[in-house]
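Engineer: sequence? don't have it. structure:
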């Protein structure tokens, strides 16, 4: 298996980290995607079970950076948080500004993987200290649930 | 070089819900059976409660299906690409097949679905048949299949509440179900706070809710244990061993007796025929070595995509278009269930849906089959609606309501406040067969062994779109009646790659428009039986497994009768 540290070039890793920081921000509710290790999760997965997605990441991160430079005047990582959000929103939805729907497909891919790295089992490298599970008050499963625990009166 | 093994009476390709059950029954009857299973024997330590491992990565499908995801296009004018949106839509490989990781909701198909064409014409006229559809009746009736449904339910210990015993409607069950000969062997899975809330709301709407039947033991049965309600049931194996699987109910016994020889990690590559068009056996690869398993009879029981693929790959001078395909019917009339869901949020109410199984569901059948008048509906068919337990953290985070941002701090706050207050309803809109929807071999894409992938040419027509919208609206009404402040639904779109895939080797009396007869025997190959939902002429609006199993038992029983 490829070393996760070498799976993406350093500048692409920084763009990816900046994207994750906006998708799942650190805020008053607690750690976000970066603090939870979603970046680590994605890099580890791209070096393993998600290796098929690697070309999409390389192309998508480069396209996002090119969009940031042409439409917003600076490299993605240099933009303010609110402008980064605007750049990301331009990939979403009905009128993606990166040609052929590639931008939207990349956005959906990185969003899904960031969420996996935030709310997935920590064994995969993300959800550090179960930060994502704490946010949604989810406790790890895999035990027996009693009838009362499935009742609406249970707290 | 290929090693030729000792000839057996029957070789079964695929030891899942259909093939595992048929192989067991044939061996119990004293036949010499060999089973070829592409996957391994899984052990419970592979069944960690882990949404990434199972839903996102389909780890249990690594032996085969993950490496041969079909390609998809909407019409014959398009170029297909490998399907990407497959989260939670792939089968798995292993002894017992995908029943290992299925939720194992276990319905009988309603009587109306077996006669969908003639019943529609009779009630609404021939013009009610959607243009381009190729709707047919099944070659058998519900009543003919009933004894075999009963055998499946007894063997596995299906949990449920009867709604109709010999014509007498039973309180608390599904009043629309076909007449059954007796009560389920086990009571329903446990109710939950959510299912009780939803059942109460359904009654308020004038509907008749009942517990969803499941091939999961609610109590110990046949020496096997009961459900522990662990919250990691769907797309995961059962650590409690409570699912109704061939290997827990007879398969290992016939293997120990020597009547059944099981090859795991054995991938069938070709069904061989002689110059008379009779099947002679199966070529397979196991641990890199090639073998030929001669047999008097071949049972093909993989899954819809692979059943069609293996037939199309098994060309010969007698069958230049693929085995049993001189009629050109192999691959035709492909259908799938998408899994459209309505979701609702119940602010401030913890629903406690993290635990349990999605088979712990309140269900209604008011909108299935022809249980309501379709004269003004604009479509035919329908589906059950099911309100299940077993919440999923990643799924919910990816499917927040349109009124909420899809990412960022507002999204995060919404999840923080509502993750345990989200309720779902599943529905399985009934998809018709169309001439335009079919499977064939992809001309471009191949798997890692260089074998062409299956290509799905598949789209929805008005009947499917209207029906799906109608059902999602009923589901939203139900959630609202139960107290949801906001409801939303997944996109209305076909899922060509699905764990509910049908057709391609259609069952029928007419060899002009079907591949197999009512017992699954190929019209063109007298000693080839095809098992599984690939033989379904229509999809129905319920989960298919129990019907697959009942048909497999019927095919096996017919074969045993003929052999004696």
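Structural biologist: Nice, I can see it. Nothing here was measured: the structure is a model prediction, and the numbers come from that model.

Engineer: Please compute how far the lowest-mean-pLDDT helix or strand in chain A lies from its chain's middle.
Structural biologist: Ranked by mean pLDDT, DSSP states H and E, the weakest helix or strand in chain A is helix A:102-119, scoring a mean of 92. Distance of helix A:102-119 from the chain centroid (C-alpha atoms, centre = their mean, to the nearest Å) equals 6 Å.

Engineer: by contact count, what packs against it?
Structural biologist: Applying 3 or more C-beta pairs under 8 Å, 6 or more residues apart in numbering or on different chains; DSSP states H and E, we find helix A:102-119 packed against helix A:10-23, helix A:38-46, helix A:54-72, helix A:131-136, helix B:393-398. For every residue, glycine as well, the C-beta is placed using N, CA and C.

Engineer: List the buried residues of the longest one.
Structural biologist: Translated: helix A:54-72. The neighbour-count check on helix A:54-72 (16 or more other C-beta atoms under 10 Å in any protein chain shown) flags A:56, A:57, A:60, A:61, A:63, A:64, A:65, A:67, A:68, A:72 as buried.

Engineer: need the residues of the stretch 151-300 of chain B near chain A, please.
Structural biologist: Proximity of the stretch 151-300 of chain B to chain A (C-beta under 8 Å from any C-beta of the partner chain) is limited to residues B:190, B:192, B:193, B:194, B:196, B:197, B:228, B:229, B:230, B:231, B:232, B:239.

Engineer: Export these as TSV, with columns for secondary structure and neighbour count.
Structural biologist: Below are those laid out as TSV (DSSP: H, G, I helix; E, B strand; the rest coil; neighbours: other C-beta atoms under 10 Å in any protein chain shown):
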residue	secondary structure	neighbour count
B:190	coil	20
B:192	coil	29
B:193	helix	21
B:194	helix	27
B:196	helix	15
B:197	helix	20
B:228	coil	20
B:229	coil	25
B:230	strand	22
B:231	coil	28
B:232	coil	26
B:239	coil	19
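
Engineer: Could you find the residue in the stretch 251-400 of chain B that comes nearest to chain A?
Structural biologist: Residue of the stretch 251-400 of chain B nearest chain A, by C-beta to the nearest C-beta: residue B:355 (3.2 Å).

Engineer: how many other residues sit next to that residue?
Structural biologist: 25 (other C-beta atoms under 10 Å in any protein chain shown).

Engineer: still on that earlier bit, quickly check the residues of the stretch 151-300 of chain B next to chain A for the two that are furthest apart.
Structural biologist: Taking C-beta to C-beta, the two most distant members of these are B:197 and B:239; they sit 28.3 Å apart.

Engineer: wait, doesn't residue B:203 sit right on residue B:209?
Structural biologist: Yes - counting by C-beta atoms under 8 Å, residue B:209 is a contact partner of residue B:203 at 6.4 Å.

Engineer: Looking at the two, which has the bigger crowd around it?
Structural biologist: Taking other C-beta under 10 Å, residue B:203 and residue B:209 do not tie; residue B:209 has more neighbours (25 against 13).

Engineer: Check that one and give its pLDDT.
Structural biologist: For residue B:209, the model assigns a pLDDT of 98.

Engineer: I'd like to know how far it sits from residue B:173.
Structural biologist: 10 Å (C-beta to C-beta, to the nearest Å).

Engineer: do the same with residue B:186
Structural biologist: Noted for residue B:186: a distance of 14 Å to residue B:173, by C-beta to C-beta.

Engineer: rewinding a little: indicate which one of the helices and strands packed on helix A:102-119 is closest to residue B:325.
Structural biologist: Among these, helix A:54-72 comes nearest to residue B:325, with 36.7 Å by C-beta to C-beta.

Engineer: now for the helix or strand of chain B with the lowest mean pLDDT, which elements pack on it?
Structural biologist: In chain B, no helix or strand scores lower on mean pLDDT, DSSP H and E than strand B:81-82, which sits at a mean of 91. Under the contact criterion of 3+ C-beta pairs under 8 Å, 6+ apart, strand B:81-82 touches strand B:71-73.

Engineer: Partner strands of the strand it packs on, with direction?
Structural biologist: Using DSSP bridges, the strands paired with strand B:71-73 are strand B:81-82 (antiparallel), strand B:452-457 (parallel).

Engineer: contacting residues for residue 31?
Structural biologist: Unless you meant another one, I'm taking chain A. The contact partners of residue A:31, by C-beta atoms under 8 Å, 6 or more residues apart in numbering or on different chains, come to A:128, A:129, A:131.

Engineer: Wait, chain B was what I had in mind.
Structural biologist: With C-beta under 8 Å, 6+ apart, residue B:31 has these contacts: B:9, B:10, B:259, B:560, B:563.
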